[in-house]
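Participant: task: produce atomic coordinates for the following.
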Amino acid sequence: MSTMSTSPLLSNRLNPFLSEVNFKKSCETVCTKAKRHDKNTVDNILFHDDPNKAFIEINKRAFIWYLAIGSMTNPISLYLRDLTPLISYPAKCPDYRLVFRDCCGMADIEYCPGKEFHGVVHLLPMKQMLYLDQIEHIYQRIIVNTIDYQQCFHLVYVYKMNLVEQQERPMNLPSERYIDLIVKGCEYFGVHTSYINRLKHEQPVIARKSPTTYEKINNVPDNVFFTNEDLLKHNGKHPAFSLWISVNGKILEYKGLPSNDHPDYANKKQFYEFVLSCLGGREVTYVISRSWYEPMYKLPLNDDDLTDEHRAFAEDMCVSCCLRSSGNSHESCWRPIGRLRKTSKNSQS
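Facilitator: Next up, the predicted model:
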């Protein structure tokens, strides 16, 4: 587990109790909706397993052994990305340590002989793994060894953060929300209590904001409004219309990719392609609430189920992780151009 240089922020630790009630309610909701795999089908797939391979191939189908180290340890996060593991179990990864990098303090692994960290291994259909690859656009998959709690080894895929200009991204503190996701996921899937306690009591975090301090998208032009029909035209599919998205009723226009010699061009291009594939021309607040799940809030089942405070949180996450003007890989790619005209399904702030 990573540590940072001396800072007042190092005194902040996870308070797991703030989100316990709503996380439990969310789990109850997911349990009624989650897909159940037939045991005979799973057993037949596992019959073809080879611990020396990070995948299983059977009848032209492929399944991937995937070690989750961040939010994908959490059952709600899996559900929100339509990921349905055939099986999941806790395991440790020898000769690596868990670290947190980049502006948002996202989980990464670092080779460190003699060290180990714990995570959750999922067996995913190949199609779901490829979909997750799109979401985890700043990572690439590598193969590592894992050891389960019965001391059996298995090769698995894990995400390793992409380099920038041939260098590792800088270390950074994770958010309290992010560590809460990991801790609750590890508890759910039975990771050793001793490791969970290290995350709770030893890992410094950036404390959760008070809702009154959530950041907003600024510099939105006054008295400029667009309809849902206007927004839909700007889905990025037609060259005559630029790419737009709406965040909490505020329209953002995509300004375009940097030159291809930009140090983070590949990641920017991959992020753009992901937005273009499924978010263009849409009000994305509900999508953000799913992508950046916050266990403090009860899981929303649709856009109308989002509270105003939850919408404000989604906007804050967009500003913090996509629009911040310093130290962010998506700097200056978007500009606010107006607001979405308010309807019963949209809120503005």
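Participant: you'd agree Tyr96 is up against Glu116?
Facilitator: Yes - under the criterion of CB atoms under 8 Å, Tyr96 makes contact with Glu116 at 7.1 Å. All C-beta atoms are positioned from the backbone trio N, CA, C, and that covers glycine.
Participant: could I get the full set of helices for the stretch 1-150 of the chain?
Facilitator: 20-33, 39-46, 75-80, 126-135 (DSSP state H, counting those that start in this stretch).
Participant: about what we covered before: who's more crowded, Tyr96 and Glu116?
Facilitator: Tyr96 (24 against 15; other CB atoms under 10 Å).
Participant: beta partners of the more buried one?
Facilitator: Listed by DSSP bridges, the beta-bridge partners for Tyr96 are Tyr111.
Participant: measure it to Val21 for me?
Facilitator: To Val21, Tyr96 is 34 Å away according to CB to CB, to the nearest Å.
Participant: sorry, back to before: take the helices of the stretch 1-150 of the chain and lay them out in CSV including mean pLDDT.
Facilitator: Shown next, in CSV, are the helices of the stretch 1-150 of the chain (pLDDT from 0 to 100):
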stretch, mean pLDDT
helix 20-33, 93
helix 39-46, 96
helix 75-80, 95
helix 126-135, 95
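Participant: got the contact list for Arg282?
Facilitator: Each residue near Arg282 by CB atoms under 8 Å, 6 or more residues apart in numbering is listed here: 231-232, 235, 245-246.
Participant: list just the nearest of the residues you listed to Leu257.
Facilitator: Closest approach to Leu257 among the contacts of Arg282 (CB to CB): Ile245, at 16.0 Å.
Participant: from the chain's centroid, how far away is the helix or strand harbouring the closest one?
Facilitator: If you go by DSSP states H and E, Ile245 is part of strand 244-247. Here strand 244-247 shows a centroid-to-chain-centroid distance of 19 Å under the convention CA atoms, centre = their mean, to the nearest Å.
Participant: who touches it?
Facilitator: 217, 231, 234-235, 251-254, 275, 279-285, 288, 314-315, 318, 334, 337, 340, 346.
Participant: please repeat the previous calculation with a cut-off of 6 Å.
Facilitator: Residues outside strand 244-247 that contact it (CB atoms under 6 Å, 6 or more residues apart in numbering) are 231, 234, 251-253, 279, 283-284, 315, 318, 340.
Participant: mind listing which of those are in strands?
Facilitator: Among these, DSSP state E puts 251-253, 340 in strands.
Participant: in the chain, what residue sits furthest out from the centroid?
Facilitator: Asn223 (34.3 Å; CA atoms, centre = their mean).
Participant: quick one, phi psi at that one?
Facilitator: Main-chain torsions, Asn223, degrees, to the nearest 10: phi 60, psi 30.
Participant: confidence score at it?
Facilitator: For Asn223, the pLDDT comes out at 95.
Participant: what do you get for Lys345?
Facilitator: So Lys345 comes in at 49 (pLDDT).
Participant: what does Ser349 give?
Facilitator: 50.
Participant: and if you look at Ser11?
Facilitator: With respect to pLDDT, Ser11 scores 81.
Participant: any idea how far the residue lying closest to it once chain neighbours are set aside is from Pro16?
Facilitator: Nearest non-adjacent residue to Ser11, counting by CB to CB, 6 or more residues apart in numbering: Pro204, 7.6 Å away. The spacing between Pro204 and Pro16, counted by CB to CB, is 15 Å.
Participant: residue ranges with poor pLDDT in the stretch 201-349 of the chain?
Facilitator: 267, 323-332, 344-349 (pLDDT under 70).
Participant: let me see the ranges of the helices in it.
Facilitator: According to DSSP H, counting those that start in this stretch, the stretch 201-349 of the chain carries its helices in the segments 228-233, 265-278, 285-291, 308-318.
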